[in-house]
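> compute the structure for the input listed below.
(chains A and B)
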2 protein chains.
Amino acid sequence: MTLRIAEIFGPTIQGEGALIGEPTVFVRAGGCDYRCAWCDSMHAVDSAFRRDWTRMSAGAVWEKVQDLAGGLPLTVSLSGGNPAIQDFGPLIALGRAAGYRFACETQGSIARPWFAELDTLVLSPKPPSSGETVDWDAFAACREAGRRALRTVMKIVIFDRTDYEWAKRAHARHPDLPLYLQPGNPDVDLDTPVDPQALADRLGWLTQAAMDDRWFAPRILPQLHVLIWGNKRGV
Amino acid sequence: MTLRIAEIFGPTIQGEGALIGEPTVFVRAGGCDYRCAWCDSMHAVDSAFRRDWTRMSAGAVWEKVQDLAGGLPLTVSLSGGNPAIQDFGPLIALGRAAGYRFACETQGSIARPWFAELDTLVLSPKPPSSGETVDWDAFAACREAGRRALRTVMKIVIFDRTDYEWAKRAHARHPDLPLYLQPGNPDVDLDTPVDPQALADRLGWLTQAAMDDRWFAPRILPQLHVLIWGNKRGV
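Residues are numbered from 1 along each chain as shown, chains lettered A, B, ... in the order given. Below you'll find the predicted structure:
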């Protein structure tokens, strides 16, 4: 059985969410059950790119991760696309046996038994601006599948006021999940330079919105990789 | 007994370190036993500013914190100056009784029994560029005093390669403390606009240095408040 892999890169820092700033190697799975309007990883989502994806065994992915990490245990971040489409259990088993930690980010649409083997399960339900609709029963099933994970958190990308209000209701459904909010990045074109000031302004807007409401539940964080490298891939 | 307070402000987000992105009210203590060359809070350090500091009882500080938070429990961040010069035990007791959490950042030069009552103790030893010299016995005493705190972490500001190498040795002294590295901000003048691109470049440099060395122990984070608000006070 092989995995469809869009890219493997690092070590670099995790740019967002619960593990922000943490050194990591990314394993980006190819394929997704969503088509978010503002997707920043379409090269791992749209099957038009599937010829760029590599079919690799779990063992081959593990070799590549070790090679990038120089054999030094760190956190491996499974992302996509939606990594939950595929079976990452064998890769996680190989890595954990060598002391590596695993984080996975998924929208929470497909539950997998291997969620239980993660150190960090990031469930990232998509707000209205995405054009997708969350299946909250599937989301709950993902939580249940990850019940034995070291921790499960919720991350929501916010593009506008509608998303922000939606995030409050999403949090109310799962108030016990640590919540991370992240301003959306409307400039995902590879060739458009990112304006750090615009990124700072979006973070300021979101912070102000939550503080004005005295909504203290979420941690509010930017995308550091966009700040440092813009929309460049592989960093 | 009164506290010398330089400023109380918020709610805003914690801009750096272990609690990055977390909503908080800051209580900034006046007075410091250090004079770091690049201090970004000299208005709370230099006794030339002491007429701007307010003498307040713990009860008065607590009233102000509650007022800013709208009576909704959040994390209170004790900073300075060096808050360890003074006795924040009574304030912490008042706040904890109402469900507030407390974090404190200090250089680790003065140990206090009330460190044990904290949720997060941030020990921030100062690297060579500061012009200060760390007393590692005092640092160890601070760790010991905070042994009952929910967690203790180490944060080091990095201005140059010398600081970076020093941070590795500091980490080797306390390898079990979660470590946070933060690029220094050389532009602390209130009236000089901060260049977000320069901040991004410093973060990129520090990230690259650690990744080139495959040094995966630290989390590497910027100062979000500087990104959003520059050197403006009270945010």
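> hmm, the strand ranked longest in chain A in reach of chain B?
Longest strand in chain A, counting residues (DSSP state E): strand A:3-13. Yes: interface with chain B: strand A:3-13 contributes A:Gly10, A:Pro11, A:Thr12, A:Ile13 (Cβ under 8 Å from any Cβ of the partner chain). All C-beta spots, glycine's among them, are computed from the backbone N, C-alpha and C.
> I'd like the next helix or strand past that strand.
Of the helices and strands lying after strand A:3-13 in sequence (DSSP states H and E), the nearest is strand A:23-29.
> listing partners with orientation, what would you give for the following helix or strand past that next one?
Beyond strand A:23-29 on the C-terminal side, the first helix or strand identified by DSSP H and E is strand A:54-56. Using DSSP bridges, strand A:54-56 pairs in its sheet with strand A:3-13 (antiparallel).
> alpha carbons of the strand it pairs with, as CSV, please.
The C-alpha coordinates for strand A:3-13 follow below in CSV (Å, rounded to 0.1, in the frame of the first residue of the first chain):
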residue,chain,number,x,y,z
LEU,A,3,0.8,7.0,0.1
ARG,A,4,0.2,9.8,-2.3
ILE,A,5,2.7,12.5,-1.2
ALA,A,6,2.6,16.1,-2.6
GLU,A,7,5.9,17.1,-0.8
ILE,A,8,8.1,16.4,2.1
PHE,A,9,10.2,19.3,3.3
GLY,A,10,12.1,20.7,6.3
PRO,A,11,13.3,21.0,8.9
THR,A,12,11.7,24.4,9.3
ILE,A,13,9.4,25.8,11.9
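> how far off strand A:23-29 does it point, in degrees?
160 degrees (axes from the mean of the first three to the mean of the last three Cα atoms, to 10 degrees).
> pull out the buried positions in strand A:3-13.
Applying a neighbour-count criterion of 16 or more other Cβ atoms under 10 Å in any protein chain shown, one finds A:Leu3, A:Arg4, A:Ile5, A:Ala6, A:Glu7, A:Ile8, A:Gly10, A:Pro11, A:Thr12, A:Ile13 buried in strand A:3-13.
> stretch A:37-49 now?
So, applying 16+ other Cβ under 10 Å, buried residues of stretch A:37-49: A:Trp38, A:Cys39, A:Asp40, A:Ser41, A:His43, A:Ala44, A:Val45.
> show me what contacts the fifth one?
Taking Cβ atoms under 8 Å, 6 or more residues apart in numbering or on different chains as the definition of contact, the neighbours of A:His43 are A:Ala6, A:Glu7, A:Phe49, A:Asp52, A:Arg233.
> part of a strand, is A:Gln182?
Yes: assessed by DSSP: H, G, I helix; E, B strand; the rest coil, A:Gln182 belongs to a strand.
> does it have beta-bridge partners, and which?
The partner list for A:Gln182 in beta bridges (DSSP bridges) reads A:Val157.
> got a list of what the residue of chain A positioned farthest from its centre touches?
Each residue of chain A has a distance to the centre, and by Cα atoms, centre = their mean the biggest one is for A:Asp212: 27.7 Å. Contact criterion Cβ under 8 Å, 6+ apart gives no residues in contact with A:Asp212.
> how close does the closest residue to A:Trp205 other than its chain neighbours get to A:Pro23?
Setting aside the residues directly before and after it, A:Trp205 is nearest to A:Pro183 in space (Cβ to Cβ, 6 or more residues apart in numbering or on different chains), at 7.1 Å. Shown here: A:Pro183 relative to A:Pro23, a distance of 24 Å by Cβ to Cβ, to the nearest Å.
> how about A:Leu227?
Separation of A:Leu227 from A:Pro23 (Cβ to Cβ) stands at 17 Å.
> with A:Pro128 instead?
34 Å.
> and those two? which has more neighbours close in?
A:Pro23 (24 against 15; other Cβ atoms under 10 Å in any protein chain shown).
> doesn't A:Arg51 make contact with A:Arg4?
No: counting by Cβ atoms under 8 Å, A:Arg51 is not a contact partner of A:Arg4; they are 11.0 Å apart.
> who in chain A is up against chain B?
So chain A meets chain B at A:10-13, A:20-23, A:69-70, A:72-74, A:180, A:196-197, A:199-201, A:203-204, A:207, A:210-211, A:214-216, A:218-222, A:224, A:227-229 (Cβ under 8 Å from any Cβ).
> show me where chain A has its helices.
Assigned helices in chain A, in chain order: A:58-69, A:89-97, A:136-145, A:161-173, A:196-212, A:224-229 (criterion: DSSP state H).
> give me the contact list for the third one.
Under the criterion Cβ under 8 Å, 6+ apart, residues A:84, A:106, A:108-113, A:115-116, A:121, A:123, A:125, A:152, A:173-174, A:177 lie in contact with helix A:136-145.
> that one to helix A:161-173, inter-axis angle?
Helix A:136-145 and helix A:161-173 are oriented at 50 degrees to each other (the same axes, to 10 degrees).
> and helix A:136-145, what's its mean pLDDT?
For helix A:136-145, mean pLDDT is 98.
> mind listing what's buried along it?
Buried, per 16+ other Cβ under 10 Å, within helix A:136-145: A:Ala138, A:Phe139, A:Ala141, A:Cys142, A:Arg143, A:Ala145.
> from what I can see A:Ala84 touches A:Ile110, true?
Yes: here A:Ala84 reaches A:Ile110: they are 4.1 Å apart, a contact under Cβ under 8 Å.
> which one's more surrounded, those two?
A:Ala84 (27 against 18).
> list the contacts of that one.
Counted by Cβ under 8 Å, 6+ apart, A:Ala84 has contacts A:Cys104, A:Thr106, A:Ser109, A:Ile110, A:Ala111, A:Arg112, A:Phe115, A:Cys142.
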